[in-house]
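Chemist: quick one, fold the following:
(chains A and B)
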Protein chains: 2
Amino acid sequence: MRVGFASDHAGFELKEKLKKWAEKQGHEVVDFGADGTEPVDYPDFAHLAAVNKDSWERLALICGSGIGMSIAANRHTCIRCALVTSNEHARLARQHNNANAIAMGQRFTNFPQAESYLKTFLETKFEGGRHQKRVKKINKI
Amino acid sequence: MRVGFASDHAGFELKEKLKKWAEKQGHEVVDFGADGTEPVDYPDFAHLAAVNKDSWERLALICGSGIGMSIAANRHTCIRCALVTSNEHARLARQHNNANAIAMGQRFTNFPQAESYLKTFLETKFEGGRHQKRVKKINKI
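Modeler: Got it, this is the predicted structure:
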């Protein structure tokens, strides 16, 4: 799968670790930055990933809390981004909301947890059915 | 403070409890539904709260996981909605992201937790400074 990654400075280290993990799993990694731990602005990287939607199938966004990334990413109608703090959130984001992006917070989520959430997110299928109607309504604003 | 509440069927019970708590605290409660536990579609209620932005200062959105509500609410440029699963998330949502809405999941968050998160969310101030520039960029898509 083509998996996009984006972070700010506060999520850079976790992004780098997750990229290596994804490559080992055989995924194609697309990196939208940040490129280091110098202070940057999270919306720049969420928006860059969004305008390059054609280059990825799933997206992982990491900042300090995950909150800023999830708000900025969901400004784009091509993204359904879930802030994930457990495997159950990652599973439901796919099953019920057909999320194509997850946001995580490096302050809250260590690497083994993040790896597990991302794995669940990549492996879980959308349930469709009654959830499809609801997902369609998300963009009817 | 004028506090808006919206839920779907899966968040109805928690919404009702939080409304009572908010009223006891002296807040003005604005309820956008749902009105019971019959299955409904979460985006309808997120969008209804958004188009009535003038009637509330802070908004609490509750569905099963909080994910669907947070995605739908953040489609609106007048809303910055954080999916909150801890007091620390509630605090950072205000301090760093100037969030005016929180989403919670009735499956994940019991009433004492939700009350605590909402209290933190209502009482915490935005830090401004370097965060102000970032928040402004959220809507520059």
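Chemist: show me the contacts for A:Y42.
Modeler: A:S7, A:D8, A:C63, A:G68, A:M69, A:A72, B:R134 (CB atoms under 8 Å, 6 or more residues apart in numbering or on different chains). To be clear about C-beta, it is placed using only N, CA and C from the backbone, and glycine gets the same treatment.
Chemist: how much space between it and B:K15?
Modeler: 30 Å (CB to CB, to the nearest Å).
Chemist: surely A:S116 meets A:N87?
Modeler: Yes: when contacts are counted by CB atoms under 8 Å, A:S116 is listed as touching A:N87 (5.8 Å).
Chemist: A:I138 against B:P43, yeah?
Modeler: Yes: contact status for A:I138 versus B:P43: in contact at 4.9 Å, counting by CB under 8 Å.
Chemist: okay, the contacts of A:Y42 in JSON lines with distance to A:V30 next?
Modeler: Output for the contacts of A:Y42, formatted as JSON lines (distance: CB to CB, whole Å):
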{"residue": "A:S7", "distance to A:V30": "13"}
{"residue": "A:D8", "distance to A:V30": "17"}
{"residue": "A:C63", "distance to A:V30": "18"}
{"residue": "A:G68", "distance to A:V30": "21"}
{"residue": "A:M69", "distance to A:V30": "16"}
{"residue": "A:A72", "distance to A:V30": "18"}
{"residue": "B:R134", "distance to A:V30": "23"}
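Chemist: now, these that are in helices?
Modeler: Among the contacts of A:Y42, the members found in helices (DSSP state H) are A:G68, A:M69, A:A72, B:R134.
Chemist: pick out the most distant pair among these.
Modeler: Using CB to CB, the pair of those lying farthest apart is A:M69 and B:R134, separated by 10.8 Å.
Chemist: more neighbours: which of these two?
Modeler: Each of A:M69 and B:R134 has its neighbours counted (other CB atoms under 10 Å in any protein chain shown); A:M69 has more, 32 against 22.
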